[in-house]
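Asker: Quick one: sequence and predicted model below, then my questions.
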Amino acid sequence: MNYDRAYCETMLRLNTDSAEAINRRRWDFAEPAGARVVLDYGCGCNFLTAYAPPGVTVDSFDVGDYPPDLVTPPTGIQHMHYDLMCLFDVIEHVDWNMGPVPDRLMLSALHSSTYLAISLPILPPETDLAAWKHYKPGEHLTYFTEASLLLLMARHGFLPLRCGVPECPPRSDIQSFLFRRVG
């Protein structure tokens, strides 16, 4: 993954005003999972943890160099199984073309989770990649269409429950997906 301090500080600045709205929307989106034990994995600057509903335990694992003044520092991966794993603003920062295991820790947690919630920019049909606003070589290492995301998740044993729901204003160009493990 390619997160660094500058990326985390930018996320903190961008999300400070809208963090509550974004994370309430994320919790509402993932609600069908009925999760009691959640893993917030990636580099969301740990906002999901700060807005957890009562009775929900959230472990957070940030892969980046997060700012030391973060209100709720990451807790790490503390459970063997998660009802819900959240990969918000994460998988586009992983080079999925490196082989079957781009991030062993992420995949281990993924395979020990029942539900999976993801948000990421989805390349619209007929869009020239180089002209797309989310084309960010060096930051975004993999680009997804809805079909390619569904295929990747199916390879890891997940089927979609909700697909391509806009995250929230001002991030309506970011799509959210909820998956359930099968088998």
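Answerer: Looks like it came in fine. Numbers count the residues shown, from 1 in each chain.

Asker: doesn't Ser172 make contact with Arg25?
Answerer: No: judged on CB atoms under 8 Å, Arg25 makes no contact with Ser172 at a distance of 10.9 Å. The C-beta positions use only the backbone N, C-alpha and C, and glycine is treated the same way.

Asker: out of the two, which sits in the busier spot?
Answerer: Set Arg25 next to Ser172 and count neighbours by other CB atoms under 10 Å: Arg25 wins out with 19 against 9.

Asker: My reading is that the more buried one is in a helix; is that accurate?
Answerer: Yes: membership of Arg25 in a helix is supported by DSSP: H, G, I helix; E, B strand; the rest coil.

Asker: Pull up the gap between the residue sitting furthest away from the middle of the chain and Thr145, please.
Answerer: In the chain, counting by CA atoms, centre = their mean, Glu126 sits farthest out from the average C-alpha position, at 25.0 Å. As defined by CB to CB, to the nearest Å, Glu126 lies at a distance of 11 Å from Thr145.

Asker: isn't there a strand covering the residue farthest from the centre of the chain?
Answerer: No: per three-state DSSP, Glu126 lies outside any strand segment and is coil.

Asker: Buried ones in stretch 167-183, by neighbour count?
Answerer: Buried positions in stretch 167-183, judged by neighbour count with 16 or more other CB atoms under 10 Å: 167-168, 171, 174-181.

Asker: Show me where this structure has its helices.
Answerer: Assigned by DSSP state H, the helices in the chain fall at 5-16, 19-30, 47-50, 104-110, 146-155.

Asker: Those: lowest mean pLDDT?
Answerer: With a mean of 58, helix 5-16 has the lowest mean pLDDT of the helices of the chain.

Asker: Any idea what Arg180 is bridged to?
Answerer: Applying DSSP bridges to Arg180 yields these beta-bridge partners: Tyr115, Leu159.

Asker: pretty sure it is touching Tyr115, no?
Answerer: Yes: the pair Arg180 / Tyr115 is scored as a contact, 5.5 Å apart, by CB under 8 Å.

Asker: what is in contact with those two at once?
Answerer: Counting by CB atoms under 8 Å, 6 or more residues apart in numbering, the contacts common to Arg180 and Tyr115 are 33, 161.

Asker: picking up where we left off before, with distance to Tyr41 and pLDDT as added columns, please give the buried residues of stretch 167-183 in a markdown table.
Answerer: Output for the buried residues of stretch 167-183, formatted as a markdown table (distance: CB to CB, whole Å; pLDDT from 0 to 100):
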| residue | distance to Tyr41 | pLDDT |
| --- | --- | --- |
| Glu167 | 17 | 74 |
| Cys168 | 20 | 67 |
| Arg171 | 19 | 69 |
| Ile174 | 17 | 85 |
| Gln175 | 18 | 90 |
| Ser176 | 15 | 90 |
| Phe177 | 15 | 94 |
| Leu178 | 15 | 94 |
| Phe179 | 14 | 96 |
| Arg180 | 17 | 96 |
| Arg181 | 15 | 96 |
